[in-house]
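*Asks:* got a predicted structure here, sequence first:
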Amino acid sequence: MGQQDGSPVAKWLCWLLVVVTLTSGWSIGSAQQGNLEGDLAGNLDGESGGQRMRDVQIGGYLDLELFIDSNRFDFRNHRLVPMLDAVVTEHVHFSCEIEFEYGGPQVATADGEVKVEYAHVDVDLGGWQLRTGAILVPLGSTNLHHDSPIRSLTQRPLVARTVVPTTLTSAGVGALLEGAEGDWLLEIYTLNGFNGGNAIDGYNIDSTSGIRAARPGLKKNGDRSPSLCGRFLWRPELGTEVGLSAWNGSWDSQGELDLTIAVIDVTTEITAGLDTIGPIEVQMEVARVAIELDAPARSAGVPAQLAASSIQLSRRFYPAILEQWFGAESSSGLTLRFEDEDLGGDRRRRSTIGFNIRPSDETIFKFDLEQVMVENQADPDATFICSMATYF
């Protein structure tokens, strides 16, 4: 079966990438290049005493989780994530995250890992930004904003595990464009594609973990065309964001079968008729994956479609007692989340109610009760989850 022409979304992204590349190439110009060379010479020979001066910031976040149900009582030191930010020059910015999960691969249980979550360079080209490196793929909101301290519940949504396998990173190059008033943002990239496997070595896509095991690599793409990914974010008013994301590219080793992902995410506040209880933040994310199959992949049980959705309602409170203990930045919150996942097998639903306490905006203690329901299976016990997460 020959390689497909791709979806209309992919063609649109491809043409837009061409425009971005051409425009960016013209905008740098000889004058700007001369300014960069002048900056280099000035930093090397001027007041810095022969050394380049950089604004480097180091931080990160840490989380600890506790899972309790009838079968377990597990503490999980899930993540330690150092972050590095550096202003190399006026026009060049570097940023990265490195995740140590479960202590890294050298711990006694050997089930940890160390990985680059993203590491990219942004180059300002006069209203456009060129980005290259290990890219945090802009598929939905959760993959871009996945840090534990900013999330109200401990577990990431199902839509961000099997349909958009967060944290999803791929090597590539692309561009960011933002409206003059900040009311819209467009990201578009060409990247290494998913590694779904083949009939000889086996497939990495199934009805249990979706496309999680097929996540792209940072080393090679093989003899395949690069994949295209983009996200358009619209901010119609303060506190409201609407994101439209798409991915298209081959998933098999031969580069003959296409995989297409579409994601819609919305974040907004509801205030009408809620004078008594106050505004409620609503976060919604809906994702769908279409997987082109040949006869061997179909026989092996690779699903043709994956889908998942999540809706979350949150209300933040500012109790006087927390202000007495922790200061004016402290707050608490109540969160409800309802999820649905269909990976071509038994459908899964999950509901969670959570209460949290924030001594500050950067630190959170979470207390969640989670119930999972799987089609054609007896409902398991609910799981009580406690966690702490903080930036540093």
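*Replies:* In hand now; what should we look at?
*Asks:* quick one: pLDDT of residue 250?
*Replies:* We have a pLDDT of 97 for residue 250.
*Asks:* what is the neighbour count of residue 223?
*Replies:* Using other C-beta atoms under 10 Å, the number of residues around residue 223 comes to 8. All C-beta atoms are positioned from the backbone trio N, CA, C, and that covers glycine.
*Asks:* check residue 252 too.
*Replies:* Residue crowding around residue 252 was assessed by other C-beta under 10 Å; the count is 30.
*Asks:* in contact with it, which residues?
*Replies:* Listed by C-beta atoms under 8 Å, 6 or more residues apart in numbering, the contact set of residue 252 reads 196-198, 297.
*Asks:* scan these and report the most crowded one.
*Replies:* Comparing the contacts of residue 252 on neighbour count, residue 297 comes out first with 22 neighbours (neighbours: other C-beta under 10 Å).
*Asks:* helix/strand/coil for it?
*Replies:* In terms of secondary structure, residue 297 is helix; the call rests on DSSP: H, G, I helix; E, B strand; the rest coil.
*Asks:* assign the residue minimising distance to the centre of the chain to helix, strand or coil.
*Replies:* Note on the chain: the residue nearest the mean C-alpha position is residue 143, at 1.3 Å, using C-alpha atoms, centre = their mean. When the structure is split into helix, strand and coil by three-state DSSP, residue 143 lands in helix.
*Asks:* which stretches of this structure form helices?
*Replies:* 8-45, 140-144, 295-299, 320-326 (DSSP state H).
*Asks:* least reliable of these by average pLDDT, please.
*Replies:* Comparing those by mean pLDDT, the weakest confidence falls on helix 8-45, with a mean of 40.
*Asks:* residue 359 contacts residue 326, correct?
*Replies:* Yes - Residue 359 is within contact range of residue 326, at 4.1 Å (criterion: C-beta atoms under 8 Å).
*Asks:* quick check: closest non-adjacent residue to residue 129.
*Replies:* residue 176 (4.3 Å; C-beta to C-beta, 6 or more residues apart in numbering).
*Asks:* who does that neighbour bridge with?
*Replies:* Bridge pairing for residue 176 (DSSP bridges) gives the partners residue 129, residue 187.
*Asks:* which ones are touching the residue nearest to the centre of the chain?
*Replies:* By C-beta under 8 Å, 6+ apart, the neighbours of residue 143 are 136-137, 160, 164, 166-168.
*Asks:* tally up the residues packed near the residue lying closest to residue 174 once chain neighbours are set aside, please.
*Replies:* Using C-beta to C-beta, 6+ apart and skipping residues adjacent in sequence, the residue nearest residue 174 is residue 189, 3.0 Å away. Around residue 189 sit 25 other residues, with neighbours defined as other C-beta under 10 Å.
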